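Asks: here is a sequence together with a model predicted from it:
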Number of protein chains: 2
Amino acid sequence: MPAATPDLLMRTLADPTRRAIFERIAGAKETTVGALTQHARVSQPAVSQHLKALQEARLIAGRRAGRCTFYRAEPRGLQPLAAWLQQYERMWSQRFDRLDLYLQQMQRKENHRARKR
Amino acid sequence: MPAATPDLLMRTLADPTRRAIFERIAGAKETTVGALTQHARVSQPAVSQHLKALQEARLIAGRRAGRCTFYRAEPRGLQPLAAWLQQYERMWSQRFDRLDLYLQQMQRKENHRARKR
DNA sequence: ACAATACATAAGTAGCGACTTATGATTGGC
DNA sequence: GCCAATCATAAGTCGCTACTTATGTATTGT
């Protein structure tokens, strides 16, 4: 399954209504369209359209069960956006430089253990 | 200086033209409007309008020097967006859980050193 | 079988935002 | 002082998109 581009992710998440829907889905394990519509300030068709957009951005996935469709968040879909951000975070946060150092150490340990076997 | 909301950041970065301008500024230390216009596919006023939007989102800062205005990137402006993302990255990436572990260790070492003094 | 529920799709509308051209405001060179 | 250069702002236009209402498609209960 192909990942979404940072461009699509940003355009999808730029709308406050749609982002709120995503956040609510992420907060719960699974949610139905009806439950989402209750907390949204727009009509049910509007919610369905947002859900379609979120699906195309690989941010959520739907599971049909009888009359209800249960949606769950797929946070991994955010990865391209995270990668884009990381490129610029290096400029201001030592946090991520230290993380790379740490992960490299972890990797060496992993290799060491693998060699022993 | 107040930081921008994730909402404003996403809406600002959602436009491909504007994001390309930001990326080009971030690539160079400082750039003028004219140089940006040359590489953009839109007119100079359009570029200026995008620069204004990027400024309001605290993503760039301008320095006036004679007739030219030099713009530089302010990657720290991305921090609210990074914080927003991090909230969901915890769901799929062990990377950040390990980072927290690592930073806690660093913090303990720091405290230890402080106690010695 | 029929009515009701849950959701998706169709079609149309209205507002926003990204672009244009035109003009204004400063500055530098001559 | 004057013209050219650099950028910002004004004003208007056009397309996209988020919303609406109306309708379609399954599915469940009785």
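Replies: Ah, there it is. Keep in mind the model is a prediction, meaning the values are calculated, not measured.
Asks: going forward, measure contacts between C-alpha atoms and count neighbours the same way
Replies: Will do.
Asks: and the spatially most central residue of chain A, how far from A:Ala26?
Replies: The structure's chain A has its C-alpha centroid closest to A:Pro75; by Cα atoms, centre = their mean the separation is 2.7 Å. With distances taken as Cα to Cα, to the nearest Å, A:Pro75 is found 8 Å from A:Ala26.
Asks: flag every residue of chain A that's near DNA strand C.
Replies: The interface of chain A toward DNA strand C, taken as Cα under 7 Å from any atom of the strand, is made up of A:32-35, A:44-49, A:51-52, A:62, A:67-70.
Asks: list the contacts of A:Leu78.
Replies: Neighbour list for A:Leu78: A:9, A:59, B:85, B:89 [criterion: Cα atoms under 8 Å, 6 or more residues apart in numbering or on different chains].
Asks: contact partners for the residue nearest to the centre of chain A?
Replies: With contact taken as Cα under 8 Å, 6+ apart, A:Pro75 is in contact with A:26, A:59-60, B:88-89, B:91-92.
Asks: same thing but at 10 Å, please
Replies: Under the criterion of Cα atoms under 10 Å, 6 or more residues apart in numbering or on different chains, the contact list for A:Pro75 reads A:22, A:26, A:58-60, B:85, B:87-93.
Asks: what does A:Arg63 give?
Replies: Listed by Cα under 10 Å, 6+ apart, the contact partners of A:Arg63 are A:30, A:32, A:69-72.
Asks: switch the cut-off to 8 Å
Replies: If you count contacts by Cα under 8 Å, 6+ apart, A:Arg63 has them with A:69-71.
Asks: neighbours of A:Glu89, how many?
Replies: The number of residues packed near A:Glu89 is 21, by other Cα atoms under 10 Å in any protein chain shown.
Asks: thought it was touching B:Gly77?
Replies: No - the pair A:Glu89 and B:Gly77 does not pass the contact test of Cα atoms under 8 Å, sitting 9.8 Å apart.
Asks: which positions in chain A make contact with DNA strand D?
Replies: Near DNA strand D, when you scan chain A using Cα under 7 Å from any atom of the strand, you find A:12, A:15, A:17-18, A:41-47, A:50, A:65-67.
Asks: most neighbours among those, which one?
Replies: Scoring the residues of chain A next to DNA strand D on neighbours with other Cα under 10 Å, the highest-scoring entry is A:Thr12 at 22 neighbours.
Asks: quick check: it is in a helix.
Replies: Yes - following the definition DSSP: H, G, I helix; E, B strand; the rest coil, A:Thr12 is counted among the residues of a helix.
Asks: now tell me what touches stretch A:36-44 from outside.
Replies: Residues external to stretch A:36-44 that are found in contact with it (Cα under 8 Å, 6+ apart): A:17, A:21, A:24, A:33-34, A:47.
Asks: narrow these to those in helices?
Replies: Assigned to helices by DSSP state H, the following of the contacts of stretch A:36-44 qualify: A:17, A:21, A:24, A:33-34, A:47.
Asks: quick check: which element contains A:Leu81?
Replies: Under DSSP states H and E, the secondary-structure element containing A:Leu81 is helix A:79-89.
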